[in-house]
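Engineer: model this:
(chains A and B)
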Number of protein chains: 2
Amino acid sequence: MKPTVVIVGAGFGGLRAARALRRAPVEVVLVDRHNYHLFQPLLYQVATAGLEPEQIARPVRAILRRQTNADFRLADVTGLDVGRRELATDSGPVHYDYLVLAVGGETNFFGLDSVRRHGFALKDLPDALGIRHQVLRSFERAVLEPDADRRRALLTFVVVGGGPTGVEMAGALSELIRLVLARDYPRLNIKDVRILLLEAADRLLGGFPPRLSEAAARTLWRKMVEVRHGAAVADYDGAAVRLRSGEVIPAGTLVWAAGAAAVSLTGRLGLPTGRQGRVAVEPTLQVRGHPEVFVIGDAAYLEHDGQPLPMMAPVAIQQAVTAADNITRLARGEAPRAFRYRDPGTLATIGRNAAVAHIRGIAFTGFPAWVVWLVVHLIQIIGFRNKLFVLLNWAWDYFFYERASRLITTP
Amino acid sequence: MKPTVVIVGAGFGGLRAARALRRAPVEVVLVDRHNYHLFQPLLYQVATAGLEPEQIARPVRAILRRQTNADFRLADVTGLDVGRRELATDSGPVHYDYLVLAVGGETNFFGLDSVRRHGFALKDLPDALGIRHQVLRSFERAVLEPDADRRRALLTFVVVGGGPTGVEMAGALSELIRLVLARDYPRLNIKDVRILLLEAADRLLGGFPPRLSEAAARTLWRKMVEVRHGAAVADYDGAAVRLRSGEVIPAGTLVWAAGAAAVSLTGRLGLPTGRQGRVAVEPTLQVRGHPEVFVIGDAAYLEHDGQPLPMMAPVAIQQAVTAADNITRLARGEAPRAFRYRDPGTLATIGRNAAVAHIRGIAFTGFPAWVVWLVVHLIQIIGFRNKLFVLLNWAWDYFFYERASRLITTP
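Structural biologist: Prediction:
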C-alpha cells in the first residue's frame, strides 16, 4: 500500500508540492476550499477591471488531470488530530501518512475591527470583485450626488500599505479612473477624484533598495496618487479615515493592503504558532516532534540570514520542492535535507511602462523593468489559454486605453 | 429646450431605441438597474461554463460614449406618474417628455412556487452563474457521496421547456458534462449522469417547422439527453421533480426554461396589461390615451397575422426603430406610423456542428445551420473586443474539448 500524502492548500506551495510528487511512490490528495488555483500576484488587476477571474485562476482538477497519483478534494479543513494522523473537514475525515500544510496567509488588520468591517481586503477573488463593484458603484452614485462634499468623498479612494500590493493597486486604480472611467462619466469633474496611498513607514516597498522606493513614489505622484509616508490608520467608519495623527480624510472606499499576512488556520489546528502567527518549522520544514507533518509557504516560520523568509510565492514554491523531496526520502528511509532559499529577485509594476525591479543585485526601473515584469508574470500563469487571454487583454488595454470588465454583477 | 426621451431598459429594444435617436433633436436618458447591456441569446453558454459574463455583456456607458445626446442612469424604476410625466426610481424622480418602456420579460413559473424557490431560472447573469456553480458543486458532492442513489440524484439535471432556450441549454449541458467534466472526475461513473429535457407539448421548438423539431430531438438523443414530450412539471422540492402524470424523478438540479416570459413591472407601473401580462399597444406602439408613452419588445402586446408577436430580440429591435422614428415625427408635429414586422428567421443550436435554422421559408439543419448560427451571433454581439474573445473561446473549446470557466466563485 502506497503512503498517502495529504496537501492542504492549492496555492503556489501546495500545487507545486503535488506536482513534485507526481513520480513518487505515494498517493497524493490535494485539499482546498476552492476548486481553483489562484494566481494571486495579478489579483489587483481583477480588482481594477483589467482581467477576469477565470484568466488568473484555473480549476485544480484541470491542472492535475494527467497526474494519475493525485486526487482533489473540495473541502474546508476544520481540525487536525496529529496522533491519529487525521484531518477533520466539512466533508468528513481525511487520513494521511504525510501531511503538507500550505494554507497560506490571511489579511492582518492589526486589530483594527472598524477597518475589517468597512474596508476591503485583497486576498481572494470575491475580495477583488468586491473592490471592482465598489469603485464602479461609487462613480454611479457620484454622478447623481448634488452635494459637492459628499460627491468628493464618494470619489476618494484610500489604499493602505506601501508594499508591492498597495503600490500596484494604487497605480492600477489611478489608470482605471483617469484613462477609462473619466471617459465613461463626462459629466463628472475628474478633479473631484482623489487616490491616496498611505504608508506607515517612511518609504514605499520596504524590501527593495531605497532608489527603487523613490522611483516608485515619483511614478505614483506622476499618476496623481497622493503618497503619504508616516500615515498610520487609526479607524475607518465607511465614510472617513482617521489617522493616528488626528487627520481625518473623508473617503467612501478603503482598500487594506497593509501586508504582513497572519495565519489563523494553523493556530486553530493546534500547532504551535510563533512570530507573525506562522508555525516554526525545522530547517527540513518538518514540525518539531511530528516528522510526518510539513509546513511550507506563508504558514511556515523559518529564518534566512537572520531574517524571517518573506511571505512570497518564490519561497512557497521552493519549499514545496524541498518538502516533496523530503517526503520521498523519508518514504525510502533516508534522512531529510535542509531547505535553502535562493532569492530570485523582486518586481513591482506601477502601471503603463512603469515598474521597479531588483534582480541579482541589479536595480532598474521604467520601461525595461516593466517588460521584465510582463514576461515573468506571463510565464508564471498556469495554462496556455490563460497566458493567451491575459496577453490579449493586456495588449488591448494598452493600445486602446480600455478595460473590458466594467460590469456590476452583484446587487 | 429639447424634449427629453426617457428609455427604461438597456436590452435589445431600449439600446437600439437610444441609438436610433442619436441624430434626433432630443435628449435621451437610458435607465436600467444594471450598468450593462446583456446579449441574452448566449446566456446559456455562461451557465454551461463556455463563456464569461463580460464576453456577452458590455457597459452601457461604453456603448453610449460617443453619443453626445444620451446619458445613462443606474436606477431601479419603482413607479410611473403618467399625469406628471415622471418616473419614480430608487435614486429619485426622472421627468420625461416621451417615454419608451423596453423593460423586457421575467420568468413565468406559472404559479409553481416550489419551482421558483428550488429551481434555477435563466434570465440574467447571476442566474447563469448560479447554474454554473450548481453543476460544478453537484459533481464535487457526488464524488464524495458513498450512497449510489443519492449520487445519481446529484448527477441528474432536469431542463424544463423545449423552446430554443431549453434545447440549447440541454445540449450545452450534455457537452459540458460528457466532453469536459467526465475527464475532470475520472473516479465518477459517467453512467450515473442523467440529463432530461421536459416539454409539456408533443414536440420541441414549437415555433419551428415540424421537420426541425424532429431533427433537434434526434440530435439531443444522440447527445444522450432524455427528451420527454407531454411531461408537465407539478412540483419540485430541490430533491425530486414530480410530474403531473405522477412520475417522480430524483434530481438535484432543475433549470426552468419553460418560456413564455411574463412582465410584472408594467403591471406595477399601473399600465393596463393584457395577454401574457404584456401591455396592449396601438399599431404605432403608443399606449392608448398616452401618445407620449411607447412600449416595445417583450413588454408590448401586438398581433401580427392574428398571432401575438413572439418575445424575441428581432421584434424588440425592429420596434425600437419604429418607436424612435415615431418620437422624431411627433416632435416635428407629424403623425406616427404603424409598426410592421419582418421575420428574419429563427435559429437554435444544439451543440458541436449541430443546429436548426428556418430562414425565409427554408428549413435546414446540421453543420450548415450551425455555421449560420455562429456567424449570426458573432455579428450581433456588441463590440469588437467581445466578438474577438467569444470567437477565440469558441474556437478553443471546439478544438480542445475544453471549458475555461469551471471556477466556483461563490460560497
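
Engineer: can you tell me how far A:Val31 sits from A:Leu87?
Structural biologist: When C-beta to C-beta, to the nearest Å is the yardstick, A:Val31 and A:Leu87 sit 7 Å from each other. For glycine as for every other residue, the C-beta is placed from the backbone atoms N, C-alpha and C.

Engineer: and what of A:Phe384?
Structural biologist: Applying C-beta to C-beta, one obtains 34 Å for the distance of A:Phe384 from A:Leu87.

Engineer: neighbour-wise, which of the two wins?
Structural biologist: Neighbours per residue (other C-beta atoms under 10 Å in any protein chain shown) separate A:Phe384 from A:Leu87, with A:Leu87 holding more: 25 against 10.

Engineer: spatially, what comes nearest to A:Ala251 if we skip its sequence neighbours?
Structural biologist: Nearest residue to A:Ala251 in three dimensions, chain neighbours excluded: A:Thr156, at 4.0 Å (C-beta to C-beta, 6 or more residues apart in numbering or on different chains).

Engineer: please enumerate the helices of the stretch 251-400 of chain A.
Structural biologist: Under the criterion DSSP state H, counting those that start in this stretch, the stretch 251-400 of chain A carries helices at the ranges A:265-268, A:313-331, A:366-380, A:384-400.

Engineer: again, but for the stretch 101-250 of chain A
Structural biologist: A:113-118, A:125-144, A:148-154, A:164-175, A:182-184, A:210-222.

Engineer: now, of those helices, which is deepest in the fold?
Structural biologist: Among the helices of the stretch 101-250 of chain A, ranked by average contacts under mean count of other C-beta atoms under 10 Å in any protein chain shown, first place goes to helix A:164-175 (a mean of 26).

Engineer: now for it, which elements pack on it?
Structural biologist: With contacts defined as 3 or more C-beta pairs under 8 Å, 6 or more residues apart in numbering or on different chains; DSSP states H and E, the secondary structure elements packing on helix A:164-175 are helix A:43-47, strand A:156-160, strand A:194-199, helix A:210-222, strand A:225-229, strand A:253-256, strand A:346-351.

Engineer: quick one: closest of these to A:Thr273.
Structural biologist: Of all the helices and strands packed on helix A:164-175, strand A:253-256 sits nearest to A:Thr273, with 21.9 Å by C-beta to C-beta.

Engineer: show me the contact partners of the closest one.
Structural biologist: Contact partners of strand A:253-256, identified using C-beta atoms under 8 Å, 6 or more residues apart in numbering or on different chains, comprise A:47, A:107, A:109, A:115-116, A:118-122, A:131, A:134-135, A:138, A:156-161, A:166, A:169, A:173, A:233, A:236, A:241.

Engineer: switch the cut-off to 7 Å
Structural biologist: A:107, A:109, A:115, A:118-122, A:131, A:134-135, A:138, A:157-161, A:169, A:236, A:241 (C-beta atoms under 7 Å, 6 or more residues apart in numbering or on different chains).

Engineer: stretch A:356-372 too?
Structural biologist: Contact with stretch A:356-372 is made by A:205, A:208-209, A:211-212, A:215-216, A:345-349, A:353-355, A:373, as judged by C-beta under 7 Å, 6+ apart.

Engineer: picking that back up, can I get the helices of the stretch 101-250 of chain A in a markdown table including mean pLDDT?
Structural biologist: Written out in a markdown table, the entries for those read as follows (pLDDT from 0 to 100):
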| stretch | mean pLDDT |
| --- | --- |
| helix A:113-118 | 94 |
| helix A:125-144 | 96 |
| helix A:148-154 | 97 |
| helix A:164-175 | 96 |
| helix A:182-184 | 93 |
| helix A:210-222 | 95 |
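
Engineer: rebuild those helices as JSON lines, extending it with distance to B:Pro186.
Structural biologist: Compiled in JSON lines, the helices of the stretch 101-250 of chain A are given as follows (distance: least, C-beta to C-beta, whole Å):
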{"stretch": "helix A:113-118", "distance to B:Pro186": "42"}
{"stretch": "helix A:125-144", "distance to B:Pro186": "27"}
{"stretch": "helix A:148-154", "distance to B:Pro186": "51"}
{"stretch": "helix A:164-175", "distance to B:Pro186": "38"}
{"stretch": "helix A:182-184", "distance to B:Pro186": "47"}
{"stretch": "helix A:210-222", "distance to B:Pro186": "48"}
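
Engineer: near chain B, which residues of chain A?
Structural biologist: Residues of chain A lying close to chain B by C-beta under 7 Å from any C-beta of the partner chain are A:34-36, A:52-54, A:57, A:59, A:61-62, A:65, A:74, A:91, A:125-126, A:136, A:140, A:144, A:183-184, A:385, A:396, A:404-409.

Engineer: just the buried ones from those residues?
Structural biologist: The neighbour-count test (16 or more other C-beta atoms under 10 Å in any protein chain shown) applied to these identifies A:34-36, A:52-54, A:57, A:59, A:61-62, A:74, A:125, A:136, A:140, A:184, A:385, A:396, A:404-409 as buried.

Engineer: which of those fall within strands?
Structural biologist: Secondary structure assignment (DSSP state E) places A:Tyr36, A:Ala57, A:Pro59, A:Leu74 from these within strands.

Engineer: let me see the contact set for the third one.
Structural biologist: To tie it back to what came earlier, the one meant is A:Pro59. With C-beta under 7 Å, 6+ apart as the criterion, the residues that contact A:Pro59 are A:Asn35, A:Tyr36, B:Arg406, B:Leu407.

Engineer: which one is it nearest to, not counting chain neighbours?
Structural biologist: Among residues not flanking A:Pro59 along the chain, B:Arg406 sits closest, at 4.4 Å (C-beta to C-beta, 6+ apart).

Engineer: hmm, the one you found is touching B:Leu136, no?
Structural biologist: Yes - B:Arg406 lies in contact with B:Leu136 (C-beta atoms under 7 Å); the separation is 6.0 Å.

Engineer: before we move on, the earlier item: and the ones in strands among the buried ones among the residues of chain A next to chain B, which two are the farthest apart?
Structural biologist: Spatially, the most separated pair among those is A:Ala57 and A:Leu74, at 14.2 Å (C-beta to C-beta).

Engineer: Throw the ones in strands among the buried ones among the residues of chain A next to chain B into TSV and include pLDDT, thanks.
Structural biologist: Converted to TSV, these look like this (pLDDT from 0 to 100):
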residue	pLDDT
A:Tyr36	95
A:Ala57	93
A:Pro59	93
A:Leu74	96
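
Engineer: of those residues, closest to A:Arg150?
Structural biologist: Distance ranking of those against A:Arg150, using C-beta to C-beta, places A:Ala57 first at 36.7 Å.

Engineer: so the closest one is in contact with B:Leu407, correct?
Structural biologist: Yes - distance between A:Ala57 and B:Leu407: 5.4 Å, which falls inside the contact criterion (C-beta under 7 Å).

Engineer: who touches both of these two?
Structural biologist: Any residue near both A:Ala57 and B:Leu407 by C-beta under 7 Å, 6+ apart counts here, and that gives A:Tyr36.

Engineer: need the contact list for the residue nearest to A:Pro59.
Structural biologist: Taking C-beta under 7 Å, 6+ apart as the contact definition, B:Arg406 lies against A:Pro59, A:Ala62, B:Ala49, B:Leu136.

Engineer: B:Gly277: which of the residues you listed is nearest?
Structural biologist: For B:Gly277, the nearest member of these is B:Ala49. The distance, counting by C-beta to C-beta, is 32.5 Å.

Engineer: give me the distance between the closest one and A:His95.
Structural biologist: Here the distance between B:Ala49 and A:His95 works out to 33 Å (C-beta to C-beta).

Engineer: which intervals of the stretch 1-150 of chain A have sub-threshold pLDDT?
Structural biologist: By pLDDT under 70, the stretch 1-150 of chain A contains no weakly predicted segment.

Engineer: now do the end-to-end distance for stretch A:305-320.
Structural biologist: Start-to-end span of stretch A:305-320 (C-alpha to C-alpha, to the nearest Å) is 20 Å.

Engineer: who's in contact with it?
Structural biologist: Counting by C-beta under 7 Å, 6+ apart, stretch A:305-320 makes contact with A:11-13, A:16-17, A:20, A:41, A:102, A:105, A:207, A:261, A:275-276, A:285, A:296-298, A:300-302, A:339, A:341-342, A:344, all of which sit outside it.

Engineer: please consider this matter closed, and thank you.
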